[in-house]
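Participant: Output the structure for:
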Amino acid sequence: MQFIEKEICEYTESIWQSILSLEARPTENGQEISKNNYALAGCIHITGAWEGTVTIDYPMSLAKQVASIMFNLNNQEVDKELIQDALGELTNMTGGNIKSLLPEPCYLSLPAVAVTDSAMRIPGSELVTKVTFKCKDDNFQVSLLKKVEEDQRK
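Facilitator: Modelled structure (predicted):
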């Protein structure tokens, strides 16, 4: 098991159930999001005693569903800005929960959201933990990356 993988699973399942009333379960085989699927990525940086980034990647089909539930609209009423706001909020909640497990003091940045054609890349970091979840017919990923010090990159 990866560093705080169990906690990431618990927090993600709880957030998705309580905020969206959606069941999100970790996949058993770590199946990733299809590279051919148009995707969104959210990230939030953690600074302080521990430095790194939490990212969430999911396909557009799930993004529309999440935004429609979060803002109580039907799929046709959901626009790009609402989709980005929903992902930013989920990223902020997930990052805040993960931050509580890290050495103090730690601080969160504002969340950022991007449209990608593959998973988000954070230069100067290395993957610590990645968990793939299944929600209805879609997969999404929550990743924790740690900042790599300059002397460790050489």
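
Participant: From now on I want contacts and neighbour counts done on CA atoms only, so please keep to that.
Facilitator: Fine.

Participant: what helices or strands is the longest helix seen in the chain leaning on?
Facilitator: When the chain is parsed with DSSP state H, its longest helix is helix 80-99. With contacts taken as 3 or more C-alpha pairs under 8 Å, 6 or more residues apart in numbering; DSSP states H and E, helix 80-99 sits against helix 5-20, strand 39-48, strand 52-59, helix 60-70, strand 106-108, strand 112-116.

Participant: in this structure, what spans have low per-residue confidence?
Facilitator: Counting by pLDDT under 70, the ranges of the chain that qualify are 1, 30-38, 119, 152-154.

Participant: The residue lying closest to residue 59 once chain neighbours are set aside and residue 116: what is the separation?
Facilitator: Setting aside the residues directly before and after it, residue 59 is nearest to residue 39 in space (C-alpha to C-alpha, 6 or more residues apart in numbering), at 4.2 Å. To residue 116, residue 39 is 5 Å away according to C-alpha to C-alpha, to the nearest Å.

Participant: Neighbour count for these two, which is higher?
Facilitator: Set side by side, residue 39 and residue 116 show more neighbours around residue 39, with 23 against 17, by other C-alpha atoms under 10 Å.

Participant: Now do the same contact list for that one.
Facilitator: 57-60, 115-119 (C-alpha atoms under 8 Å, 6 or more residues apart in numbering).

Participant: from the residues you listed, which is closest to residue 19?
Facilitator: Nearest to residue 19 among the contacts of residue 39 is residue 58, at 16.9 Å by C-alpha to C-alpha.

Participant: Look up how far residue 117 lies from the closest one.
Facilitator: 11 Å.

Participant: out of these two, which sits in the more crowded spot?
Facilitator: residue 58 (27 against 15).

Participant: which one is residue 75 nearest to, not counting chain neighbours?
Facilitator: That would be residue 68: by C-alpha to C-alpha, 6+ apart, it lies 5.6 Å from residue 75.

Participant: Surely that neighbour touches residue 78?
Facilitator: Yes: Residue 68 lies in contact with residue 78 (C-alpha atoms under 8 Å); the separation is 6.1 Å.

Participant: Could you report the distance from the residue nearest to the spatial centre of the chain to residue 129?
Facilitator: Among the residues of the chain, the one closest to the centroid is residue 56, at 1.9 Å (C-alpha atoms, centre = their mean). Between residue 56 and residue 129 the distance is 12 Å, computed by C-alpha to C-alpha.

Participant: Need the overlap of contacts for the two.
Facilitator: residue 143.
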